[in-house]
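[1] Okay, sequence plus prediction incoming.
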Amino acid sequence: MSAGAIRRMVFSRRMVTTGRLEDRVALVTGAGSGIGREIALGFAREGARVAALDRNLTAARATAELDTGERIRAFHADVTEPRSVRNAVAEVVGAFSALDILVNNAAIQLHGRDGRCHEVDEDTWHETIATNLTGPFLCAKYCLPHLARSLRSIPSSSARSSTVSPID
């Protein structure tokens, strides 16, 4: 489903916001486009202050500009790089003084480079694994100490499944 289709679906409902995320800080990866952008905008509508994290800072800034309530701030990080994630999380916590929600949304599908197992080259495989598996691990690793302080949860999604893990 395209980002435009998602936006039309979300906005066509004209949902009444409840403020259920008021005073919470959310970090959304892959927030520069698609589902990540819609999650960031939806969280902002519900009152959250949102860190829109993306490897394309220009795209993350475009997401922030769509928020008329000025609740979204753009941050840069490459979720495949530990130092980049660690620094971005520190920057987010420094900017907002808290972190309550992590949405591991960043993912890639390398259209034109993917295919049947015997047709995929190793570089494509490693890039996909780094983004789709290592990225959520790194984000959880560096966000968990901050999330544990707020005793919230970590939604984690992929193309095939979605879960919410409580912080124990």
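    Cool, got the structure.
[2] Just the element for residue 125, please.
    Following DSSP states H and E, one finds residue 125 within helix 122-129.
[3] same thing with residue 147?
    helix 135-150.
[4] quick one: contacts of that helix?
    24, 27, 29, 79-82, 85-86, 89, 93, 98-102, 104, 106-107, 154, 156, 167 (CB atoms under 8 Å, 6 or more residues apart in numbering). Bear in mind the C-beta positions are built from the backbone N, C-alpha and C, glycine included.
[5] buried ones in that helix?
    Across helix 135-150, burial judged by 16 or more other CB atoms under 10 Å covers 135-136, 138-140, 142-143, 146-147.
[6] quick one, helices of this structure?
    With DSSP state H, the ranges of helices along the chain come out as 3-12, 34-45, 57-66, 82-96, 122-129, 135-150.
[7] rewinding a little: of the contacts of helix 135-150, keep whichever come out buried.
    For these, buried by 16+ other CB under 10 Å: 24, 27, 29, 79-81, 85, 89, 93, 98-102, 104, 106-107, 154, 156.
[8] pLDDT score for residue 154?
    On the pLDDT scale, residue 154 is placed at 56.
[9] what do you get for residue 12?
    The model's pLDDT for residue 12 equals 47.
[10] Repeat that for residue 157.
    60.
[11] How about residue 79?
    At residue 79, the model reports a pLDDT of 98.
[12] contacting residues for it?
    29, 53, 55, 85, 106, 131, 134-136, 138-139.
[13] quick one: low-confidence ranges for this protein?
    For the chain, applying pLDDT under 70 flags the ranges 1-16, 152-168.
[14] one more time with 90, if that's ok
    Residue ranges of the chain with pLDDT under 90: 1-19, 68-69, 109-121, 124-125, 149-168.
[15] picking up where we left off before, the helix holding residue 125 to helix 135-150, inter-axis angle?
    Put simply, helix 122-129 runs at 20 degrees to helix 135-150, going by axes from the mean of the first three to the mean of the last three CA atoms, to 10 degrees.
[16] ok now helix 122-129, how far from the chain's centre?
    Computed by CA atoms, centre = their mean, to the nearest Å, the separation of helix 122-129 from the middle of its chain amounts to 21 Å.
[17] what does that helix rub up against?
    80, 108-110, 113-114.
[18] Would you mind writing the CA trace of stretch 87-94 as PDB?
    Extracted in PDB, the C-alpha atoms of stretch 87-94 (Å, rounded to 0.1, in the frame of the first residue of the first chain):
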ATOM      1  CA  ASN A  87      24.400   9.100  18.900                       C
ATOM      2  CA  ALA A  88      20.900   9.700  17.500                       C
ATOM      3  CA  VAL A  89      19.300   8.200  20.600                       C
ATOM      4  CA  ALA A  90      21.500  10.400  22.900                       C
ATOM      5  CA  GLU A  91      20.500  13.500  20.700                       C
ATOM      6  CA  VAL A  92      16.800  12.600  21.000                       C
ATOM      7  CA  VAL A  93      16.900  12.100  24.800                       C
ATOM      8  CA  GLY A  94      18.900  15.300  25.100                       C
END
